[in-house]
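**Student:** Provided below are the primary sequence and the corresponding predicted coordinates.
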Amino acid sequence: MLVIGTAFGNLEELLDSFDTIFVVANSPPIIKKRNLIYRENYDGIHMLTDVDIIIVDFDHSNFIPELTQVWRRTGPAIVVQGPDLVSKDIQKILKSDHYNIVEVAKGYYLWKNKK
């Protein structure tokens with residue numbers, strides 16, 4: 001799993017469900033666990049090869065284009081915090097790689113690759 005931000009404040013609950021969680025955020029998470037790997041920036045993030053889900057906090061959604069190589073390689077589901085949809089430019093990038101919104105819920109949008 002790759003988390004951009006705080007996983008909507010639910011990071012701690014996710015730690016028991018995934019072997020490894022990579023977090024890219026402005027500051028390190030308060031939580032310290034063996035399966036939590038923190039990165040301050042996107043350097044080397046494109047090298048990730050085993051990502052099933054990407055979770056992006058809305059205030060970090062402008063960084064979604066930085067993740068293009070990750071989702072092209074691994075085809076993960078992408079969960080973006082809402083209430084609003086990401087910008088048209090980011091929608092265009094996702095749709096060009098065959099991603100569509102498959103679920104809209106209070107608080108997030110779920111994008112999946114339909115290829």
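**Tutor:** Perfect, I can see it now.

**Student:** Test my guess that Asp52 contacts Thr74.
**Tutor:** Yes - in this structure Asp52 lies within contact range of Thr74 using Cβ atoms under 8 Å: 7.5 Å. Just so you know, the C-beta spots here come from the backbone N, C-alpha and C atoms, and that holds for glycine as well.

**Student:** Which of those two has more residues huddled nearby?
**Tutor:** Thr74 (16 against 11; other Cβ atoms under 10 Å).

**Student:** I'd guessed the more buried one sits against Thr49; true?
**Tutor:** Yes - with contact defined as Cβ under 8 Å, Thr74 and Thr49 form a contacting pair (6.6 Å).

**Student:** who touches stretch 35-51?
**Tutor:** 1-2, 11, 15, 18-26, 28-29, 63, 66-67, 69-71, 73-74, 76 (Cβ atoms under 8 Å, 6 or more residues apart in numbering).

**Student:** and that stretch, average pLDDT?
**Tutor:** For stretch 35-51, the mean pLDDT works out to 91.

**Student:** ditto for stretch 3-17
**Tutor:** On average, stretch 3-17 scores 93.

**Student:** what's the answer for stretch 79-88, then?
**Tutor:** Here the average pLDDT along stretch 79-88 is 92.

**Student:** got the contact list for that stretch?
**Tutor:** 5, 8, 53-58, 61-62, 64, 91, 94, 104, 106-111.

**Student:** Produce a ChimeraX select command limited to the buried residues of these.
**Tutor:** Buried subset of these, written as a ChimeraX selection, criterion 16 or more other Cβ atoms under 10 Å:
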select :5,53,54,55,56,57,58,61,64,91,94,108,109,111
